[in-house]
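Participant: Generate a structure from the sequence data that follows.
(one chain, ligands or ions: 1)
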Amino acid sequence: MTKTKYVSESLTTMTEMIFPNDTNTLGNLMGGNLMRMMDVVGAICAQKHSNRIVVTASVDNVSFKESIPLGSVVTLQAKVTRAFSSSMEVVIDVWAEDIPAQQRVSTNKAFFTFVAVDQSGRPIDVPISLTETEEEKALYDGALRRRQLRLVLAGRMKPSDATELKSFLNAGE
Ligand SMILES: CC(=O)SCCNC(=O)CCNC(=O)[C@H](O)C(C)(C)COP(=O)(O)OP(=O)(O)OC[C@H]1O[C@@H](n2cnc3c(N)ncnc32)[C@H](O)[C@@H]1OP(=O)(O)O
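Facilitator: Numbering: from 1, shown residues only. The predicted model follows:
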């Protein structure tokens, strides 16, 4: 298996049109339907990075900044920010577009964690992620503290072991 892979190699974009079946009674996209699309695009991206089956291990805070009306065209972009051992943090950005009005707004952003597994569902190592752009480097640098925060919140890491997170929170004291 390749031991390293550039972030750009697994960049994944998905475009969907919002139909009546996708909406709530106000005619806007249901949050759960959007989260399903985010899960799918993120999983495809993590599969491309690892060339493995992946499972969703966690979803960080998902904010709904703007509602997405019926007829909108939604674009989701998923990018690996950093690969750890078997897990990959993937950032998913979402934009909604009213094509006739030529308007495009950023509506959502969230960090998902996917874990590569073998045929028996056991975690398996993935390639190291390599960054090329300043944006990719910044996302990579922040990934360790985000990982520590989510593992502490999930009860999988002792707060005292979250050294990167602590030094970030204490910065500027
Ligand atoms: C695409 C889909 O929708 S799949 C369907 C929804 N998802 C699922 O059904 C997944 C169900 N959960 C599982 O299968 C398991 O809990 C797994 C594979 C996620 C983790 O298995 P575990 O036996 O706990 O493995 P282990 O403790 O070795 O952790 C493996 C990795 O998962 C990471 N991990 C485990 N839990 C979490 C969590 N809550 N948040 C973030 N990362 C996590 C670990 O940090 C570790 O990462 P690393 O190898 O990069 O250091």
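Participant: can you point me to the longest strand in the chain?
Facilitator: The strand that spans the most residues within the chain, counting by DSSP state E, is strand 103-117.
Participant: Go through the helix or strand following it and flag the buried ones.
Facilitator: From strand 103-117 onward toward the C-terminus, using DSSP states H and E, the following helix or strand is strand 128-130. Neighbour counts over strand 128-130 (16 or more other CB atoms under 10 Å) mark residue 129 as buried. The C-beta positions use only the backbone N, C-alpha and C, and glycine is treated the same way.
Participant: same question, stretch 116-130
Facilitator: With burial defined by 16+ other CB under 10 Å, the residues of stretch 116-130 counted as buried are 116-117, 124, 126-127, 129.
Participant: now swap in stretch 37-49 and tell me
Facilitator: Taking 16+ other CB under 10 Å as the neighbour-count basis, stretch 37-49 is seen to contain the buried residues 37-39, 41-49.
Participant: Name the nearest of those residues relative to residue 94.
Facilitator: Each of the buried residues of stretch 37-49 was checked against residue 94 using CB to CB; the closest is residue 38, at 6.9 Å.
Participant: and the helix or strand hosting that closest one, what does it pack onto?
Facilitator: Element membership of residue 38 [criterion: DSSP H and E] is helix 31-50. Packing contacts for helix 31-50, counted by 3 or more CB pairs under 8 Å, 6 or more residues apart in numbering; DSSP states H and E, involve strand 12-17, strand 53-59, strand 73-83, strand 87-98, strand 103-117.
Participant: Turn those into JSON lines, including distance to the ligand and mean pLDDT.
Facilitator: Output for these, formatted as JSON lines (distance: least, CB to the nearest ligand atom, whole Å; pLDDT from 0 to 100):
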{"stretch": "strand 12-17", "distance to the ligand": "13", "mean pLDDT": "98"}
{"stretch": "strand 53-59", "distance to the ligand": "3", "mean pLDDT": "98"}
{"stretch": "strand 73-83", "distance to the ligand": "8", "mean pLDDT": "98"}
{"stretch": "strand 87-98", "distance to the ligand": "3", "mean pLDDT": "98"}
{"stretch": "strand 103-117", "distance to the ligand": "4", "mean pLDDT": "97"}
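Participant: Need the ones you listed in CSV (columns: distance to residue 23).
Facilitator: Written out in CSV, the entries for those read as follows (distance: least, CB to CB, whole Å):
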stretch, distance to residue 23
strand 12-17, 12
strand 53-59, 22
strand 73-83, 12
strand 87-98, 13
strand 103-117, 14
